[in-house]
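Engineer: I would like to see how this sequence folds:
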Amino acid sequence: MEVYQLRQMQSLPLELKIIKTQQRIREWYEHWDGQVYVSVSGKDSTALLDLVRDIYPNVPAVFCNTGLEWPEIVEHVKTMDNVHIIKPEMPFRKVIDHYGYPVISKEQSSFIYEYRTTQSGKLRHYRWHGNDKGGFKIADKWKFLVDAPFKISDKCCDVMKKNPFKEYEKETKRKPFLGISADEGVQRQGQWLRHGCNAFSLGRPRSTPLGFWMEEDIWEYLNTFNVPYSPIYDMGYTRTGCMFCLFGIHLEQRPNRFERMKKTHPKQWNYCINKLGCGEVLDYIGVEYGKNEQLSLEEAMTNDNQS
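Structural biologist: Numbering: from 1, shown residues only. Modelled structure (predicted):
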C-alpha cells in the first residue's frame, strides 16, 4: 500500500473508520475460527476491545503485568471482564542488570548493545561507520554512549512483553488483535504500509484494525460511546507504556514524563530514579527528570496516597 492511500484512510470520518475496522475484525476472527484475543493496556486497546466485543462478546482480553505499568492502568484492566493476566519471567531490575537500560530508541540501543558485546570486528565496524549510505549505525550524536558506565540494550521489550505474549499464543493457539496505529511513528507506519491491518503472512501473525486511526479518533470513539478509560490520561499523560522506559525521553517537551511522574507518582519516581539507577542514565544523556524540584510535604503525601 502507498502512503497516499494511508493518508486517505486516515482522513475518513469516524463512522467510516468504524465500518472498515469492523470488516477487518471479522476477517481476522473468521480466518482463525475465533481463536483470537485482544492485547489490552491503554486507551487505544480499550477502544479496540470495545469494538471487538461489540461483534464477538466472548473474545478474551490479555494484559501483561510487567511490574512497570501505571497503577491506574492496572486498576482499569481489573474492571474488564474475561481478562487473562500474564507476567514476564524476569523482572525489570534483572533485565537492566543483565542486558542494560532501554535508551534513545530500540534501534540505537540495539546498535550500541551489538557494538559493545559482539566478537566480530566486522560488525563493530559496521555499527560504527554504517553501510555505503551511512545507515544502520550508531548515530554520531549518540556515539558517546558506547563509553557509558552502564549497560544499554533493546532487550527489555522482548523480555518484559513480547516473550510473555508469545508464550500465551503458543499455549492457546490464539492470534492477537493489537491496538496500534500508523500515526505512532515511522516504524509503525512502515509496518502498516507493508502488511496492512491484518498481517496474515508474518511469522507471528497479528491484526491491527486501528492501523489507520489517528489519536483524535480514539478519543472521539471513547467519548461518543461512553467507553470507560484509565484516569491516567486525565493526569496529563498522552502515552502510557512502561513507566520507567527511557526510549524517546530526550524528544519530549517539558515537563517530560519523569518530571510529571515526580508530582503524580512520587513513590514510583523515587524507585525508578534512585533504586533502579535511571537518574544516572538521564544525567548521562542530559535529560532533566525533576531531581532539583522540591515538592511540599503535603503535596508529596497526597500524590503518594493517590498512587
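
Engineer: From now on I want contacts and neighbour counts done on CA atoms only, so please keep to that.
Structural biologist: Noted.

Engineer: Neighbours of residue 205, how many?
Structural biologist: Around residue 205 there are 12 other residues, counting by other C-alpha atoms under 10 Å.

Engineer: That one and residue 173 touch, don't they?
Structural biologist: No - counting by C-alpha atoms under 8 Å, residue 205 stays clear of residue 173, with 11.3 Å between them.

Engineer: Identify the residue nearest the residue most central in space within the chain in space, chain neighbours excluded?
Structural biologist: With distances taken as C-alpha atoms, centre = their mean, residue 241 lies nearest the centre of the chain, 4.5 Å away. For residue 241, ignoring the flanking residues on the chain, the nearest one in space by C-alpha to C-alpha, 6 or more residues apart in numbering is residue 69 at 7.1 Å.

Engineer: Could you give the number of residues near the one you found?
Structural biologist: Neighbour tally, residue 69, other C-alpha under 10 Å: 17.

Engineer: who's in contact with residue 212?
Structural biologist: 6, 9, 10, 181, 182, 183 (C-alpha atoms under 8 Å, 6 or more residues apart in numbering).

Engineer: Nearest residue to the fourth one in space, ignoring adjacent ones along the chain?
Structural biologist: This means residue 181. Leaving out its chain neighbours, the residue that sits closest to residue 181 by C-alpha to C-alpha, 6+ apart is residue 211, at 3.8 Å.

Engineer: which element is the one you found on?
Structural biologist: In the assignment (DSSP states H and E), residue 211 maps to no helix and no strand.

Engineer: can you start the count at 15 instead of 1 from here on
Structural biologist: Taking 15 as the first residue, the last one we looked at is residue 225.

Engineer: pLDDT score for it?
Structural biologist: Residue 225 carries a pLDDT value of 95.

Engineer: The one 4 residues further on too?
Structural biologist: Here the pLDDT value assigned to residue 229 is 94.

Engineer: how near is it to residue 91?
Structural biologist: The spacing between residue 229 and residue 91, counted by C-alpha to C-alpha, to the nearest Å, is 20 Å.

Engineer: ditto for residue 268
Structural biologist: 29 Å.

Engineer: for residue 222, same thing?
Structural biologist: Distance of residue 222 to residue 91, computed by C-alpha to C-alpha: 20 Å.

Engineer: burial of the residue lying closest to residue 59 once chain neighbours are set aside, as a residue count?
Structural biologist: Leaving aside its chain neighbours, residue 59 sits nearest to residue 193 (4.4 Å; criterion: C-alpha to C-alpha, 6+ apart). Neighbour count of residue 193, defined by other C-alpha under 10 Å: 23.
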